[in-house]
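> quick one, what's the 3D model for this:
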Amino acid sequence: MGKLSNAVWRMLGAQATRNQSKSVAMIEASAEHDEWAQGLSDDLFAAAAGELDVTSEEGRTKFLALAREGGTRALDMTPFDVQLQGALRMLSGDVVEMATGEGKTLAGAIAAIGFALSGHHVHVISVNDYLAGRDAKWMKPLYDLFGVGVGILSEKATRAERQEAYACDVTYGSVNEIGFDVLRDHLALTAEELVAPTPDVAIVDEADSVLVDEALVPLILAGSTPAAIPNSAIFDVVSRLKKKHYDVDADGRNVSLTDEGAELVETTLGGINLYDDEHVGSTLVHVNVALYAYYLLERDVDYIVRDGGVHLINASRGRVARLQRWPDGVQAAVEFKEGLELTEAGEVIDTITVQALIGRYPKVAGMTGTAIAAGEQFRQFYDLAVSQIPSNAPNIREDEPDRVYDTKANKVEAVVSFVAGVHETGQPILIGTHDVAQSEELAYFLERAGVTAVVLNAKNDAEEAAIIAEAGRKNAVTVSTQMAGRGTDIRLGGSTGDDDARDEVLELGGLCVVGTGRYDTERLDSQLRGRAGRQGDPGRSVFFSSLEDPLVTKNITSMREVHATEPDGLLGPKGIETVEQAQRIAEGAMLTLHSNTWNFNRQVNEQREAIVRRRMAILTTDDAAQELRTREPERWDELGDIDDEVLTDAAREIVLYHLDRAWADHLAYVADVQASIHLRALGAQSPLEEFHKLIFAEFTKIVEEAMEASCETFREVEITADGVDLDDADLHRSTMTWTYLVHENQFSAGSQAMQGIVGIFR
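Okay, here's the model as predicted:
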């Protein structure tokens, strides 16, 4: 999209120059207080900071002087003026764009300290546990100097450890961990079990990845249920289908049986009719789930098989999505496909979108290297503006024109040839690929050409920091999947910091970045390019694409004839135009999908908040006991010998069980409506309006139906001096939970519902 598109994004909300002159003036004025800050002992530093009114201009100016001195003293990192500028804009509630290597981590910590000194509790939200833990530990000496407590959330943290982390002034955690803590609180039976605090301030690292890319994947908490796993006979027949038996649409998102395929399946399953009332809502759904698993999900692209299990890959991060699984029909179908033991089924307990999660915070700020291009999404979905922070040193990276080829084979051959040629000079090379399969395929061809590469993908993401840290040494060739959010700086010369090694790489031209295909959004291209040329270092980048790349084949339905200008299949300017057009279409589709997802989920989010308020009232008061006493006075009097506190706890547990059960049932109903709502368009109805009408009507019944069920249980269940045992009454709560990875593209333009299921999952 280039300069023109960035200008458009600025008009739409990415205000790159907003209030920058005032920020610059404040930073210049802060130098007057440097001598004062330098004269403070460590013991007096926190006290001096605590006395400042950071909300006032004078107080903020002094705070900047303390931040400059604090960085020097605690971290041996004196903040650049541009880092202080970024911190100021975050304190004002903006998303700041700071180029890769410009020190976002320190700028974010300074902003977090500023908020904390103003009495706020701050969550620094990242894309993964690794970055959250790394940054918190890295910045801790600075927090300690200011007397600001910092905590870390991790995937393995216990409830007590989470509560302790949240009690700190500043808490670092991944969006998933914070989101799932909010969801897991829906399982709490006492106020003491609650973990997630009242939200206050959020500073979002890699803001475009978290707020835009991750926002399309709702956070879903599931629990065990005795529901049966789909009939394996269905998986078996689907696994033996030929290409003539099914159709995959042009963008590879939906699959359905052909007439010949339907006839084969019906015959194999005993002469049934897949489309009659008996089977359309069950057998046909399971058939389509199996089709999706077998013919749309790819091993080493969408998932890997490791340690006897299926592990999902988060495409926007290039990592294994730990503790996540697909909704059960899909999960079981993939397990069957891979010859693995089928795991336990489950049901959705609660769900929240990233937009709703971030919307809980009264104040939000963020930082990323590619904010301008996401400016419209920030404005439209989060009411956030963007401030572009200049780099500390001019960017001298050389970005070469794209090289577009007619076929994938010619592209791969060109990439291998290019890399081999650069490698001969000793210049370090970072190669960006889109998935595990592509990274391994390219490494194989490079090896055949005499170039040994280190591969970083979802299969070895635990070794990420070590691999990326060495990607800048002389002669290094690193092949990596998605680089967004990896966070580790690539130091020229390697991780040892040897000046001679760095100088040698500088003389070779710095890091060379090679892209093996454009991404669906220019932001991801820029994030990959940004690995080279940090802090004024030299570097170069070049992208190789082909007309057979998924970006082109999925987004260009009718392609003009483009002829190769070279014998090796290299195309001219028209080839580059075709790839750029495909990317623009993909970005437009993503924005539409984001908007549709938000519009469809908005009412569900509001309903969830209403249920949460109801649940919190029950959890923290005696409302449940009062309601049951009023509705069932005779039964209450029968239990008069039981201690009031025990009876109150029993009433609370009963009402919570049925409220949670009603909410889970409502979410299942919402999913069913989503799967078929597109059919309303055939009757000239608005799918969005009909969706909201249907789920609103159903939601109005939840509280009363839950109370009626609670009254029935209260009348019949045994309550003793030890309380109530709902398990004995066959009212079981989930004993284990996991998370679902769901891609909600059923709201995209022109999407089909895979006859009731596929559109929900991809």
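
> what sits up against the host helix or strand of residue 431?
With elements taken from DSSP states H and E, the one containing residue 431 is strand 429-432. Residues from elsewhere that reach strand 429-432 (C-beta atoms under 8 Å, 6 or more residues apart in numbering): 415, 419, 422-423, 442, 453, 471, 476-483, 490, 511-516, 528, 531-532. Backbone N, C-alpha and C define where each C-beta goes, glycine included.

> again, only this time at 6 Å
Outside strand 429-432, the residues within contact range by C-beta atoms under 6 Å, 6 or more residues apart in numbering are 419, 422, 471, 477-479, 483, 512-515, 528, 531.

> which parts of stretch 47-63 are buried?
Of the residues in stretch 47-63, 48, 49, 52, 54, 59, 60, 61, 62, 63 count as buried by neighbour count, 16 or more other C-beta atoms under 10 Å.

> secondary structure class for residue 351?
strand (DSSP: H, G, I helix; E, B strand; the rest coil).

> walk me through the domains of this protein.
2-223+354-388, 232-290+304-344, 398-578, 603-731 (automatic domain parsing).

> of these, which is nearest residue 592?
domain 2-223+354-388 (11.5 Å; C-beta to C-beta).

> so how far is that closest one off the chain centroid?
Offset of domain 2-223+354-388 from its chain centre (C-alpha atoms, centre = their mean, to the nearest Å): 18 Å.

> so how far does stretch 474-481 reach from one end to the other?
21 Å (C-alpha to C-alpha, to the nearest Å).

> got the contact list for that stretch?
So stretch 474-481 is contacted by 318, 423, 426, 428-431, 433, 439, 442-443, 451, 453-457, 471, 504-505 (C-beta under 6 Å, 6+ apart).

> ditto for stretch 174-194
125-126, 128-129, 132, 153, 195-196, 210, 214, 219, 221, 350, 357, 619-620.

> thinking again about what came up before, quick one: strands adjacent to the strand holding residue 431?
strand 477-480 (parallel), strand 511-515 (parallel) (DSSP bridges).

> and these, which one is worst for confidence?
For the strands paired with strand 429-432, mean pLDDT drops lowest on strand 477-480, to a mean of 92.

> so which of the strands paired with strand 429-432 gets nearest residue 41?
strand 511-515 (42.1 Å).

> any idea how far the helix or strand that the closest one is followed by is from the chain center?
The first helix or strand that comes after strand 511-515 along the chain, using DSSP H and E, is helix 522-529. Offset of helix 522-529 from its chain centre (C-alpha atoms, centre = their mean): 17 Å.

> in helices, which of the contacts of stretch 174-194 appear?
129, 132, 357, 619, 620 (DSSP state H).

> and the pLDDT at the fourth one?
Read it as residue 619. On the pLDDT scale, residue 619 gets 95.

> what about it, neighbour count?
19 (other C-beta atoms under 10 Å).

> contacting residues for it?
Contacts of residue 619 by C-beta under 6 Å, 6+ apart are residue 191.

> one more time with 10 Å
Applying C-beta atoms under 10 Å, 6 or more residues apart in numbering, we find residue 619 in contact with 185, 188, 189, 190, 191, 193, 194, 652, 655, 656.

> ditto for the first one
Under the criterion of C-beta under 10 Å, 6+ apart, the contact list for residue 129 reads 152, 153, 154, 155, 156, 157, 172, 173, 174, 176, 177, 322.

> again with the last one
Taking C-beta under 10 Å, 6+ apart as the contact definition, residue 620 lies against 190, 191, 194, 652.

> what is whatever helix or strand residue 60 lives in packed up against?
Under the criterion of DSSP H and E, residue 60 resides in helix 57-70. When contacts are defined as 3 or more C-beta pairs under 10 Å, 6 or more residues apart in numbering; DSSP states H and E, helix 57-70 packs onto helix 20-30, helix 34-38, helix 42-50, helix 81-91, helix 104-117, helix 129-145.

> ok, 8 Å please
Applying 3 or more C-beta pairs under 8 Å, 6 or more residues apart in numbering; DSSP states H and E, one finds that helix 57-70 contacts helix 20-30, helix 34-38, helix 42-50, helix 81-91, helix 104-117.

> okay if I get those helices as CSV plus distance to residue 613 and mean pLDDT?
What follows is the helices and strands packed on helix 57-70, written out as CSV (distance: least, C-beta to C-beta, whole Å; pLDDT from 0 to 100):
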stretch, distance to residue 613, mean pLDDT
helix 20-30, 39, 91
helix 34-38, 45, 96
helix 42-50, 35, 95
helix 81-91, 30, 96
helix 104-117, 26, 97
